[in-house]
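Colleague: Based on what follows, work out the 3D shape:
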Amino acid sequence: MSRSLPEKLDLGDYLQSFSSFFARPKPVAMEGDTHLHHRFIIALSKAEIPEPPQVPELTDRLMRLEKQGVLGLEEIFDFIRMIRYFNRLRALGLPEPAGSWIAEIEVPDEVAQIGSFFTDEGELNPEKEPELADIAEALRRNRESIRETLYGLTRSERLRDYLVDQQLHLQNGEEALLVRGGFSSVLKATVVGRSSGGFFYVIPEKVRSLKERESELLSRREAIHWRYAREFSQVLHRWERFLRYLDRQFDRFDHYQARVRFARAKDYEFVLPGKGREVILREFAHPALENLVPVSIDIRRPIVLITGVNAGGKTMLLKSILSAVWMSRYLLPFRCNAAETKIGHYRNIEAIIDDPQSVKNDISTFAGRMLEFSRLFREREALVGVDEIELGTDADEAASLFRVLLEELKAREMTFIVTTHHKRLASLLAGEEDVELIAALYDEERRRPTFTYLEGTIGKSYAFETAERYGIPRSIVARARELFGEDKERLNELIEHSTRLEAQMRSRIAELEESTEELRRKEARLRELEEKMREEQRKVLATLENRYNAATKRALAALKKVENAEARRLLNEAHRHKNRAKLKEPESEIPTLKPGDRVRYRSHTAEVLSLKEKEAMIAVDGMKMRVPLKELRPAPETPKPKAPRPKKSTDIRVEKGERAALHIKLLGMRAEEAEEALDAFLSDALLHGISEVEIIHGTGTGVLAKVVSEYLKRHPKVKHFYRMPGNMGATIAEL
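Modeller: Below is the predicted model:
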């Protein structure tokens, strides 16, 4: 009997552990849209989900309700437990889209009313039926009477000689005394059993009447239970379709919560299958193995051939790849770097791993393999894993045959993961573009497999080394090497040497790439720091200049009122000191740029639109401006989204000084001149962070005022503008 795919992939214990998180047994597969299921699982991963109640399969009960059958109270309570669980989930306010889905499950009032008749333990609520409370109290008193009567008899002087012990024994569910033969002379009782020592279990007549009273009370309680069960079943019959819907939703949520809680318990990740035919694993660990070297591998070609050391992990690599695809297909979590792991979509997964030889059916190993391959011609878009592909026949003949088979099946959009010890098939397929070679690496010094893999090369089998490792005498291994031949041994050594060199080369390349990337990051940080310091320097200078200008303005105002020659001399000297103290910008190298380059202009990131001599037209924050090339720096290499360009913009040169003006005079300008000057003025104000400016256009005929208003309406950075009151011929604009 052939094993199932999870068993072939050693996922039996994994599935058993996962299934323990279900509220009731079910297959792991979920019907419906995988992408939609993934959205719900990720949403629920962000919330604390209460453990669902253990509810049995309800199909039989639903069929009985459909036929107007009567369910027992315990059977009815299982539906109530599901309803209460969904009510609890609704109260939690789960993240979307899970919250909206749970909110849509509205319980009919009639069904909800039934829930109020049950306690948390599933018993009928005595507050809803007072007679049940009376019966419960009567049963309690009656049982106390039975116990007191029996204990009284154990202390009786007349019965002392006949009692085996003074304990109460349960016999067929009833409390009884254990007595010796001849007890009938002192006690009227009914024998209900005998012990292995020949003694008698008896129930005294005094207790018999109390037992009959208990049976009567239990019958009354049973009658009440039956009445309620019949009434509740009639209501549930009317809402049988809703209960079927509720049962399906419970199963669906059970799938979700089991995956979420299982992933948390094991620290696993979810990987959603994509649309391609690739398998990219990063730090993947097969759940059946502990202390395993994580697998990181890229599979982008239709045929992957894994060669190399015996007992070096070729089969485990094959099973790891198939397992990752299978678990991803059913949204089962596993250990990996989910951010970098990508798994494609395959219509089916096949594992040709077991030895198919069968004495019963007279099938040899090779014949069984041919039978399994013949079935693949009915498949399309499948992922197929084949372990020891040449098993059961001559390796050279099998290599030629399987090469043709793989090429034919590849045309059916199938992907193959193949392991082999033999070099013939690898050499036949090595030159194909659609074939990926992977070698299992071996630590020759320690004579142990490393369970790591190198892509793009053929691995040596290390049969002789493995034989010595497992106890075969060296003399025998040496004779085998002689028979194997010097030429073939030299070929193996060349394969081993090339594999080792390639591994060292790739390791060195990875180190160099990491060092280069670190240097790039440091260079970018230095550029950002330099630009930040320059910007801070400009701000400090602007602040000092503003303070200086304000001070000189106040001094000039004072001089207008009272002329003072000494004060005038000191003011002129201050002007001379200011001009000498101006900080000269260091001569910077003019960068080599071209249109389309990303650059840094002061604290802004911009795009070069055009170049002219020592100036460049750039786009920054939705505006165009012409600036000197020496003020530009190459932007960091990390790509950033380009700022959207406005539909209309004015192409003018902006001469930005050390500080921006707070007002502009447009008096006497033509409409086009006024628009150009206004655009340059607003651009300069925006770059300096000014939030409010004044535009003086005069009164006159009103043409300039209209031009200003129309321009401000369509400018993307103008929040609001208004005319100065009193017909002052000026407009205030807020940026």
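Colleague: what residue lies at the spatial centre of this protein?
Modeller: Closest to where the C-alpha atoms of the chain average out (C-alpha atoms, centre = their mean) is residue 270, at 4.6 Å.
Colleague: Which residue, other than its chain neighbours, is closest to that residue?
Modeller: residue 333 (5.1 Å; C-beta to C-beta, 6 or more residues apart in numbering). In short, each C-beta sits where N, CA and C put it, glycine included.
Colleague: just residue 128 next, same as before
Modeller: The shortest distance from residue 128 to any residue that is not its chain neighbour, by C-beta to C-beta, 6+ apart, is 5.1 Å, and that residue is residue 117.
Colleague: what about the one you found, neighbour count?
Modeller: A count of nearby residues for residue 117, using other C-beta atoms under 10 Å, gives 19.
Colleague: How about the one 10 residues further on?
Modeller: By the criterion of other C-beta under 10 Å, residue 127 has 11 neighbours.
Colleague: Tell me the bridge partners for residue 439.
Modeller: residue 307, residue 454 (DSSP bridges).
Colleague: Looking at stretch 453-465 now, give me its mean pLDDT.
Modeller: For stretch 453-465, the mean per-residue pLDDT is 62.
Colleague: Just the CA atoms of the strand or helix carrying residue 13, as CSV, please.
Modeller: Take DSSP states H and E as the rule and residue 13 turns out to sit in helix 12-19. What follows is the C-alpha trace of helix 12-19 in CSV, where atoms were taken according to Å, rounded to 0.1, in the frame of the first residue of the first chain:
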residue,chain,number,x,y,z
GLY,A,12,3.4,12.9,9.8
ASP,A,13,4.4,14.2,13.2
TYR,A,14,4.1,17.8,12.0
LEU,A,15,0.5,17.2,10.8
GLN,A,16,-0.4,15.3,14.1
SER,A,17,0.9,18.3,16.1
PHE,A,18,-1.0,20.7,13.9
SER,A,19,-4.3,18.7,14.1
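Colleague: Could you give the average pLDDT over it?
Modeller: Per-residue pLDDT over helix 12-19 has a mean of 95.
Colleague: And stretch 399-413, by the same measure?
Modeller: Regarding stretch 399-413, the rounded mean pLDDT is 86.
Colleague: buried ones in it?
Modeller: If you call a residue buried by 16 or more other C-beta atoms under 10 Å, then stretch 399-413 has these buried ones: 399, 401, 402, 403, 405, 406, 409, 410.
Colleague: Show the contacting residues for the last one.
Modeller: When you say that, I think you mean residue 410. The contact partners of residue 410, by C-beta atoms under 8 Å, 6 or more residues apart in numbering, come to 302, 303, 416, 434.
Colleague: Where do the helices of the stretch 551-700 of the chain begin and end?
Modeller: In the stretch 551-700 of the chain, helices defined by DSSP state H, counting those that start in this stretch lie at 565-581, 671-687, listed in chain order.
Colleague: err, the stretch 51-200 of the chain, not the other one
Modeller: When secondary structure is read from DSSP H, counting those that start in this stretch, the stretch 51-200 of the chain shows helices at 59-66, 73-92, 98-103, 109-115, 130-154.
Colleague: Dihedrals phi and psi, residue 96?
Modeller: Recorded main-chain torsions at residue 96 are phi -70, psi 150, according to degrees, to the nearest 10.
Colleague: That one reaches residue 44, doesn't it?
Modeller: No - if you go by C-beta atoms under 8 Å, residue 96 and residue 44 don't touch, sitting 10.8 Å apart.
Colleague: More neighbours: those two, which one.
Modeller: More crowded of residue 96 and residue 44, by other C-beta under 10 Å: residue 44, with 20 against 10.
Colleague: Surely that one is within a strand?
Modeller: No - with DSSP: H, G, I helix; E, B strand; the rest coil as the criterion, residue 44 is located in helix rather than a strand.
Colleague: What helix or strand is the residue lying closest to it once chain neighbours are set aside located in?
Modeller: Of all residues not flanking residue 44 in the chain, residue 260 sits nearest, at 5.0 Å (C-beta to C-beta, 6+ apart). Element membership for residue 260, per DSSP H and E: helix 240-266.
Colleague: Following element in sequence after that helix, please.
Modeller: Past helix 240-266, the next helix or strand by DSSP H and E is strand 279-284.
Colleague: give the contact list for residue 428.
Modeller: For residue 428, the contacting residues are 399, 400, 403, by C-beta under 8 Å, 6+ apart.
Colleague: Spatially nearest residue to the second one (excluding sequence neighbours)?
Modeller: Spelled out, it's residue 400. Computed as C-beta to C-beta, 6+ apart, the closest residue to residue 400 that is not its neighbour in sequence is residue 428, at 7.2 Å.
Colleague: likewise the last one?
Modeller: The shortest distance from residue 403 to any residue that is not its chain neighbour, by C-beta to C-beta, 6+ apart, is 4.9 Å, and that residue is residue 428.
Colleague: Can I take it that the one you found is in a helix?
Modeller: Yes - counting by three-state DSSP, one finds residue 428 located in a helix.
Colleague: So it versus residue 370, what's the distance?
Modeller: Taking C-beta to C-beta, to the nearest Å as the measure, residue 428 falls 19 Å from residue 370.
Colleague: circling back to that earlier point, tell me which of the helices of the stretch 51-200 of the chain sits most buried.
Modeller: With neighbours defined as mean count of other C-beta atoms under 10 Å, the helices of the stretch 51-200 of the chain peak in mean count at helix 73-92, which reaches a mean of 18.
Colleague: and the angle from that one to helix 59-66?
Modeller: Helix 73-92 runs at 100 degrees relative to helix 59-66, counting by axes from the mean of the first three to the mean of the last three C-alpha atoms, to 10 degrees.
Colleague: of all the contacts of residue 410, which two lie farthest apart?
Modeller: Spanning the widest gap among the contacts of residue 410 are 416 and 434, at 10.1 Å by C-beta to C-beta.
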